[in-house]
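Asks: here are the coordinates; sequence isn't available:
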């Protein structure tokens, strides 16, 4: 007679192991300890062709917990803790294997190996192996950015899912994440962990970057207003210094925020940015005006030391100032949707060209890489003296504009508005 849950529950602990038969090879072994274990008896030929009887340990009997989720049930079944009905479903699977000449225990071992492999090949595990393999070719800043973004935006959702089980499923960041995931899946394919790339095809078209909002450069008439607003800024003095240095040096925001004291020689009035921190992967020389040096010396007094980052992150030890700090400061100064830290570069480029400086000097100061490789090598230190003079004149012009000197505005940039 087939088993019932009532009969199983009412069965008392025996003094020795007993069998409660359900039929078709399935029975429950009840032990004196109270353990109730599923067993499946079947027959298959051995390696000599002789039919033999085998016994397969199918797991432990349990009653289905109330309120159990589908995920919890799946995990329980994977752990071979089966209800009566689940054991009967498994029996049908085992019988099917036996008909194919396959021992259920062999299939069980294969399944366990797959589970172990899946655990070792989750999306997060594969992603970290991809970073370890490719990361040596990236800048440290880019590697940290990728690692942090994946940890924050991707791993919480699909990190612990076996990579072969992942399916296609801040807009600008979404594009970057898709690109990184696409490369991670390709890495999995190359290592025979996956057949197709779920980040390819339609999902590529579904994730589109937002239209770029161009922040215009400041005009000569905007400079006095900006300088006046900076004087009244109620935030950190170091933030004001950073914003002023951006306009004086017109480097990229990340190049200033990640600057370290070891890169500066204030006596020579030079800032040497290593290639590892530059967008074009080429070292960059930044001549420093007297005004820039004065700000840096003021910053030294505020910091009280000359090591590490010029602008350390106040919230995260070992990191430099976040880009949001400067963006938030510009918003507080009234430049929301009107200007960004990158706009300082456009401001300097526009105004220096209007002042009549040679385009080559300006482009070199902006660290724009020449298309000609030979010329790029030649240009590394080319016109350094001229650029030093240009940067000093640029700082002097800014000072004149800050004082609302009408002669500077009209004489150098045409009629005052």
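Replies: On my side now, so go ahead. Keep in mind the model is a prediction, meaning the values are calculated, not measured. Numbering: from 1, shown residues only.
Asks: which regions of the stretch 151-300 of the chain sit below the pLDDT cut-off?
Replies: Filtered on pLDDT under 70, the stretch 151-300 of the chain yields the residue ranges 157, 164-178, 192, 194-195, 198-217.
Asks: that one: strands as residue ranges?
Replies: Assigned by DSSP state E, counting those that start in this stretch, the stretch 151-300 of the chain shows strands spanning 264-265, 270-273, 284-287.
Asks: who's in contact with the second one?
Replies: Looking back up the chat, that one is strand 270-273. With contact meaning CB atoms under 8 Å, 6 or more residues apart in numbering, strand 270-273 is reached by 249, 251, 255, 259, 263-265, 283-288. Every residue, glycine included, has its C-beta placed from N, CA and C.
Asks: what strands line up against it, and which way round?
Replies: Take DSSP bridges as the rule and strand 270-273 pairs in its sheet with strand 264-265 (antiparallel), strand 284-287 (antiparallel).
Asks: return the distance of the shortest one from the chain's centre.
Replies: Per CA atoms, centre = their mean, to the nearest Å, the displacement of strand 264-265 from the mean C-alpha position of its chain is 32 Å.
Asks: cool, the longest one as well?
Replies: Using CA atoms, centre = their mean, we find the averaged C-alpha position of strand 284-287 to lie 30 Å away from the chain's own average C-alpha position.
Asks: identify the residues contacting it?
Replies: Contact with strand 284-287 is made by 249, 251, 255, 269-273, 278, 365, 367, 380-381, 384, 387-388, 390-392, as judged by CB under 8 Å, 6+ apart.
Asks: dump the contacts of strand 270-273 to TSV, plus distance to residue 83 and neighbour count.
Replies: As requested, the contacts of strand 270-273 are arranged in TSV below (distance: CB to CB, whole Å; neighbours: other CB atoms under 10 Å):
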residue	distance to residue 83	neighbour count
249	71	25
251	67	23
255	63	20
259	64	24
263	67	16
264	71	22
265	75	11
283	68	15
284	68	21
285	74	16
286	71	24
287	78	21
288	76	24
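Asks: so which of those is the closest to residue 91?
Replies: Distances from residue 91 to the contacts of strand 270-273, taken as CB to CB, are shortest for residue 255 (67.5 Å).
Asks: correct me if wrong: that closest one contacts residue 278.
Replies: Yes - under the criterion of CB atoms under 8 Å, residue 255 makes contact with residue 278 at 7.1 Å.
Asks: closest one to residue 163 among the strands of the stretch 151-300 of the chain?
Replies: strand 270-273 (38.3 Å).
Asks: tell me which residues of the closest one are tucked away?
Replies: Going by neighbour count (16 or more other CB atoms under 10 Å), the buried part of strand 270-273 is 271, 273.
Asks: now for residue 124, how many residues are close by?
Replies: 19 (other CB atoms under 10 Å).
Asks: am I right that it sits in a strand?
Replies: No - Residue 124 is assigned helix when assessed by DSSP: H, G, I helix; E, B strand; the rest coil, not a strand.
Asks: the closest residue to it other than its chain neighbours: neighbour count?
Replies: Excluding the flanking residues, the one nearest residue 124 by CB to CB, 6 or more residues apart in numbering is residue 159, at 3.6 Å. Neighbourhood size, residue 159 [other CB under 10 Å]: 15.
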